[in-house]
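# missing the sequence, but the structure's below:
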């Protein structure tokens, strides 16, 4: 997984707790502490183990943590990949061009294995489909990222999950209603 995800997860935990709690989570997850570089690539298993340990320690549903983390991750992703996004775009423009942006990012990142993503846009909404080859699906993370993108664009929009692979759908689908 792209290093920006690992780096931001550490920042997310430390901002809500402290460095000591992060160290405890890493230790209980079975990993050696390391400096996460945003342009490097790291094992998905680390994210999975850290989220699972965090969920256990916080006694909070993992999906709720993933979704909340996704809202924090979204602005970091937008910043990291800003070269692929037109600076004049509003949220509807980004959604309409999401597949092109995504394909540009995929072509520019050699070692990152990205999930499948597609988007269909209408005048008042967009449907974003997300599917991944990973063992852990990260549907809640995708939901949070979309909510974080809406917030980053300061848009008046809502994101609703309409389908989920955890419920037998072929992909997770989210409806972004533009108000």
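Alright, I've got the coordinates. Model, not experiment: these values are computed from the prediction.

# any idea how far residue 16 is from residue 25?
11 Å (Cβ to Cβ, to the nearest Å). Where C-beta positions appear, they are placed from N, C-alpha and C, glycine not excepted.

# now the host helix or strand of residue 15, how far from the centre of its chain.
Using DSSP states H and E, residue 15 sits within helix 3-16. Mean-position distance between helix 3-16 and its chain equals 12 Å (Cα atoms, centre = their mean, to the nearest Å).

# In that helix, which residues are buried?
For helix 3-16, burial by neighbour count (16 or more other Cβ atoms under 10 Å) applies to 3, 4, 5, 6, 7, 8, 9, 10, 12, 13.

# Can you name the residues that contact residue 61?
Listed by Cβ atoms under 8 Å, 6 or more residues apart in numbering, the contact set of residue 61 reads residue 55.

# Need the pLDDT of it.
For residue 61, the pLDDT comes out at 94.

# And for residue 108?
pLDDT at residue 108 comes out at 81.

# From residue 101, how far off is it?
11 Å.

# Quick check: neighbours shared by the two?
By Cβ under 8 Å, 6+ apart, the residues touching both residue 108 and residue 101 are residue 84.
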